[in-house]
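# Here is a sequence with its predicted model. Questions after.
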Amino acid sequence: MIPDKQRLLENVSFKTSRSGGKGGQHVNKVSSKVEVILNISDSELFSTEEKALLMSRLAHRLDTSGNLHVIAQEDRSQLANKETAIEKLQALIANSLKVEKPRKPTKVPKSVIRRRLENKQSTALKKEMRKRPRLY
C-alpha cells in the first residue's frame, strides 16, 4: 500500500543545502536544494514483504545504512523543492511496489501461418518464372 503524504512526512527527514546551477548570487546564499531521506527498514509504513520488495528494487538507490535519498533542486524556492522531492519519493515508492502481471505467451494463429506460407510460395513461383527456361 502506498502511504499518503501526511504519513510519509512523519517518517522522512529533510536535509537542505545550497543548490548549483542558474541563479547568480541567490544560489550562493540560499539553501534551496532539498534531500528527502527515508529509512525503509525502520519505517512502519510498509509490511515486511513490501520492505523486502522495496529493498530489492531500489537497491541501487540505497546508501550503506539502507536510507533512500531523493533530491530536488529544480526551483529557486526551498518549499517548492520540498514538495517536488516528496512527490518524487511517492512516485518512486508507487512504481517499486507495483506488481507486474506475468506475461502470457500468445499462439500464432493458423491463418497467419497459412498466409505467410502462401506468400512465400507465390514469391518463389514469381522468381522461378523470371528465370530463363532450361533446355534439356
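Okay, I see it. Residues are numbered from 1 along each chain as shown.

# Quick one: neighbours of Ala85, just the number.
23 (other CB atoms under 10 Å). For glycine as for every other residue, the C-beta is placed from the backbone atoms N, C-alpha and C.

# now do Asn28
Asn28 has 10 nearby residues by other CB under 10 Å.

# in which helix or strand would I find the residue nearest the centre of the chain?
Geometric centre of the chain, nearest residue: Asn95, 6.3 Å, by CA atoms, centre = their mean. Assigned by DSSP states H and E, Asn95 belongs to helix 78-97.

# For that helix, what is the distance to the chain centroid?
13 Å (CA atoms, centre = their mean, to the nearest Å).

# Pull out the buried positions in it.
Residues of helix 78-97 classed as buried: 78, 81-82, 84-86, 89-90, 92-93, 96 (neighbour count, 16 or more other CB atoms under 10 Å).

# and that helix, what's its mean pLDDT?
With pLDDT averaged residue by residue, helix 78-97 scores 92.

# same thing with stretch 38-55?
What stretch 38-55 shows for mean pLDDT is 88.

# what about that stretch, how long is it end to end?
End-to-end distance of stretch 38-55 (CA to CA, to the nearest Å): 12 Å.

# now do stretch 53-72
End-to-end distance for stretch 53-72: 24 Å, by CA to CA.

# Equivalent analysis for stretch 32-44, please.
29 Å.

# Just list what the strand or helix carrying Val34 packs against, helices and strands only.
Assigned by DSSP H and E, Val34 belongs to strand 33-39. Applying 3 or more CB pairs under 8 Å, 6 or more residues apart in numbering; DSSP states H and E, one finds that strand 33-39 contacts strand 12-17, strand 67-72, helix 78-97.

# With distance to Val36 added, can I get those in TSV?
Formatted as TSV, these follow (distance: least, CB to CB, whole Å):
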stretch	distance to Val36
strand 12-17	5
strand 67-72	5
helix 78-97	4
